[in-house]
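**Q** turn this into a model:
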Amino acid sequence: MALSGLILFHGAGGDRDHPLFLALEQQLDVPIGRVNFPYRKKGPGRRPPDRMPKLIKAVNEAVGEAVEEWDLVPTDLAIGGRSMGGRAASMAIAEGLQVGGLVLLSYPLHPPGKPENLRVEHLSELDLPVLLVQGDRDPFGKPDEFIPHLNTIPGTVTEVWLTGPRSGHDPKNREGEIVPAVQDWMANPER
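**A** All right, here's what the predicted structure looks like:
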C-alpha cells in the first residue's frame, strides 16, 4: 500500500530548509511536512539540540497536526529525517507512535570515532517498513557497521547506499539519487 504523506525532521545542525527536504517537497506527489524542532524556532544563531524526550514529543505533535491538516490516518504517513531527526522519529515509533513507514536519511548509528556508542537499542521495536539512505563513507556509520543492526528490525528494510566521494554524512548534491529512491519506496514500502 502506497504512503500518502511524509513528515521530515532535520539533523542537529540543520533546519527544515535542508536542500534535500526542499527537493523532496518539490518533486514528490504527496504532502510533505518539513518540521523545525523547538530549539530551531527560537530564532537565529547556533543552539544545542533539545534533549531526545523533547524531540520525540515534537515528532508526535507534528504527526498529530499533519493527520488533521491532511485528513489522513497515521498509518498513511511516513516520517523520518536526516541524522538526529530520523533517530528521533524512529524512537517515537519505538515508543508507540503509529505510522506507515520510516525514512532514515544518514542515520547516526554512532558518534564519529566512537563506534562503541551505538544508537540501536530501539531498532527491534520498528515493526514497519523502513527506508535507509546512507552514504558508504558516513563517519556516523559505514555499511559493515550497519549489517548486524539492520537485521534486528522486524519491519521490511530497504537499503540505498550512496557511493563515491560525496557519500559522507551530508551527501551534497545527491538529491537526483535520493529523491527517486524515496519516491519509489513511498509507492511500495512493503517490497
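**Q** tell me the buried residues in the longest helix anywhere in the chain?
**A** When the chain is parsed with DSSP state H, its longest helix is helix 52-70. Buried residues in helix 52-70, counted by 16 or more other Cβ atoms under 10 Å: 55-56, 58-60, 62-63, 66-67, 70. Glycine gets a C-beta too; all of them are placed from N, C-alpha and C.
**Q** for those, give me a markdown table that also has distance to L77 and pLDDT.
**A** Below are the buried residues of helix 52-70 laid out as a markdown table (distance: Cβ to Cβ, whole Å; pLDDT from 0 to 100):
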| residue | distance to L77 | pLDDT |
| --- | --- | --- |
| L55 | 18 | 98 |
| I56 | 16 | 98 |
| A58 | 15 | 98 |
| V59 | 11 | 98 |
| N60 | 12 | 98 |
| A62 | 10 | 98 |
| V63 | 7 | 98 |
| A66 | 6 | 97 |
| V67 | 7 | 97 |
| W70 | 8 | 97 |
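**Q** hey, where'd the strands end up in this protein?
**A** Under the criterion DSSP state E, the chain contains strands at 5-9, 32-35, 77-82, 101-105, 130-135, 157-162.
**Q** packing partners of the fifth one?
**A** Going back to what we said before, that points to strand 130-135. In terms of contacts (3 or more Cβ pairs under 8 Å, 6 or more residues apart in numbering; DSSP states H and E), strand 130-135 is packed against strand 101-105, helix 143-150, strand 157-162, helix 175-187.
**Q** how far off centre is the last one?
**A** Translated: helix 175-187. Here the centre of helix 175-187 is set off from its chain's centre by 13 Å, with Cα atoms, centre = their mean, to the nearest Å.
**Q** shaky segments in the chain?
**A** 44-45 (pLDDT under 70).
**Q** show me what the longest helix of the chain is in contact with.
**A** 4-5, 7, 9, 31, 33, 35, 37-38, 49-50, 72-74, 77, 79, 84-85, 88-89, 91-92, 95, 97, 99 (Cβ atoms under 8 Å, 6 or more residues apart in numbering).
**Q** same thing but 7 Å
**A** 5, 7, 9, 31, 33, 35, 37-38, 73-74, 77, 79, 88-89, 91-92, 95, 97, 99 (Cβ atoms under 7 Å, 6 or more residues apart in numbering).
**Q** now, of those, which are buried?
**A** Buried among the contacts of helix 52-70 by 16+ other Cβ under 10 Å: 5, 7, 9, 33, 35, 37, 77, 79, 88-89, 91-92, 97, 99.
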